[in-house]
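Engineer: Any chance you could fold what I've pasted below:
(one chain, ligands or ions: 1)
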Amino acid sequence: MSTARIEPIKPHMGGIVHVAKEHLLEDQTIAAVREALEDRGVLVFPRMNLTDAEQLSFTDKLGKRVNYNRKAPGRGDDEDVYAITLDKKVNTQPEYVLGTFFWHIDGVTIDQPLPKATLLTARKLSPTGGQTEFASMYAAYENLPETEKQALEGVKVVHRMEASMRPVFDQIPEEDLARWRAMSAVMTHPLVWTHNSGRKSLLVGSHADSVVGRPIPHGRSLLVRLLEWAGQPAFSYRHEWQEGDLVIWDNCGCMHRVVPYDENSGRRMHRTTIMGEERVAGSARHG
Ligand SMILES: [Fe+2]
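Structural biologist: Model (predicted):
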């Protein structure tokens, strides 16, 4: 009998994990969480109130931890904990966090396997906004009509960091463009990702810039339509945070975004990341 019970939230998406904090690191719990992660996409541990050290222990039990944002402003007590906030005292480069207002998958424009999973603990909430939304890219693919699945087979998409930053700016400053180009890679990925498991998911998001071999407006309209399709309520879940909640999501099978919130609210989330195990087939170009 497992010490963790997972209660589904919606048919395609989400699970609430009922487990006492003292059982969190047990092998049975870890096995149940790993198994449920891909199936449910996002797992909510209500009011776990983990410290950074406890969050890191849990992260380490689930996989190999990594911090992709070590160079970005925002730190927890440990260098592998990234503090996500718009508080100007902590974060002097808010554009990365403002970019999370738009649907995305973490790490798509880094030339390495996509982060497997992300863990977020709510430390301080905003009185308005700040909910995080997740959309299942497995459900989005699996529920497409057969004719559309066939039409998307073999389609390739170019992902760029500057595409994900475009919605944040009226006009992108040249020095920012140069910095992003130096720190990211232009990645060409299949639109339909066939995972090692054999399951297929859509790979789109704000970083998806164009479709290989198609005129820009034709390609972008396809990407926007698929984004709208994937974000529909049947395939997505909006988490209304309570302070101390822990949420984990399968970054390879979900996209996510945050509902805009007041930058003076002091909202602060502590993030840890589990390294990816699987590379999306594709090619990279740096700069
Ligand atoms: Fe993100």
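Engineer: quick one, helices of the protein?
Structural biologist: Here the chain has its helices, by DSSP state H, at 27-40, 52-62, 95-98, 137-142, 146-152, 161-165, 174-183, 216-230.
Engineer: What lies in contact with the longest one?
Structural biologist: In this case it means helix 216-230. 103, 135-137, 140, 144, 157, 191, 202, 204-205, 208-212, 214, 236, 255 (Cβ atoms under 8 Å, 6 or more residues apart in numbering). All C-beta spots, glycine's among them, are computed from the backbone N, C-alpha and C.
Engineer: Flag every buried residue along that helix.
Structural biologist: 219-220, 222-223, 226-227, 229-230 (16 or more other Cβ atoms under 10 Å).
Engineer: Run the chain-centre distance for it.
Structural biologist: Centroid separation for helix 216-230 versus its chain: 19 Å, with Cα atoms, centre = their mean, to the nearest Å.
Engineer: for the shortest one, same thing?
Structural biologist: Computed by Cα atoms, centre = their mean, the chain-centroid distance of helix 95-98 equals 14 Å.
Engineer: One more: the fourth one?
Structural biologist: Averaging C-alpha coordinates over helix 137-142 and over its chain gives two centres that are 15 Å apart (Cα atoms, centre = their mean).
Engineer: Could you measure from Glu146 over to Tyr237?
Structural biologist: Per Cβ to Cβ, to the nearest Å, Glu146 is found 26 Å from Tyr237.
Engineer: PyMOL command for the buried members of the contacts of helix 216-230?
Structural biologist: This is the PyMOL syntax for the buried subset of these, where burial follows 16+ other Cβ under 10 Å:
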select buried, resi 103+135+136+137+140+144+157+191+202+204+205+208+209+210+211+236+255
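Engineer: which among the buried residues of helix 216-230 gets closest to Ala4?
Structural biologist: Minimum distance to Ala4 across the buried residues of helix 216-230 is 28.6 Å, recorded for Ala230 (Cβ to Cβ).
Engineer: Spatially nearest residue to that closest one, not counting backbone neighbours?
Structural biologist: Ala140 (3.6 Å; Cβ to Cβ, 6 or more residues apart in numbering).
Engineer: Same question for Met48.
Structural biologist: Using Cβ to Cβ, 6+ apart and skipping the chain neighbours, the partner closest in space to Met48 is Leu246 (4.3 Å).
Engineer: The one you found: neighbouring residues, count only.
Structural biologist: Leu246 has 22 neighbouring residues, counting by other Cβ atoms under 10 Å.
Engineer: got it, and Leu86?
Structural biologist: Residues contacting Leu86 under the criterion other Cβ under 10 Å number 20.
Engineer: is it true that it touches Arg267?
Structural biologist: Yes: counting by Cβ atoms under 8 Å, Leu86 does reach Arg267; the two are 7.0 Å apart.
Engineer: got any residues that touch both of the two?
Structural biologist: Shared contacts of Leu86 and Arg267 (Cβ under 8 Å, 6+ apart): Tyr261.
Engineer: how long is stretch 146-165 end to end?
Structural biologist: One end of stretch 146-165 sits 33 Å from the other (Cα to Cα, to the nearest Å).
Engineer: residues making contact with it?
Structural biologist: Stretch 146-165 has contacts (Cβ under 8 Å, 6+ apart) with 95, 99, 102, 104, 108-109, 141, 144, 172, 176-177, 180-181, 183-184, 186-192, 203-213, 219, 223, 282.
Engineer: from the chain's centre, how far out does that stretch sit?
Structural biologist: Distance of stretch 146-165 from the chain centroid (Cα atoms, centre = their mean) equals 17 Å.
Engineer: and it, average pLDDT?
Structural biologist: Averaging pLDDT along stretch 146-165 yields 97.
Engineer: same question, stretch 242-260
Structural biologist: Averaged across stretch 242-260, the pLDDT comes to 97.
Engineer: How far does that stretch stretch from one end to the other?
Structural biologist: End-to-end span of stretch 242-260 (Cα to Cα): 17 Å.
Engineer: The stretch 101-250 of the chain: strands as residue ranges?
Structural biologist: 117-124, 132-136, 156-159, 185-190, 192-194, 200-202, 208-211, 236-239, 246-250 (DSSP state E, counting those that start in this stretch).
Engineer: Kindly reformat these as CSV containing distance to Gly14.
Structural biologist: CSV is the format used below for the strands of the stretch 101-250 of the chain (distance: least, Cβ to Cβ, whole Å):
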stretch, distance to Gly14
strand 117-124, 14
strand 132-136, 7
strand 156-159, 26
strand 185-190, 26
strand 192-194, 21
strand 200-202, 16
strand 208-211, 24
strand 236-239, 4
strand 246-250, 10
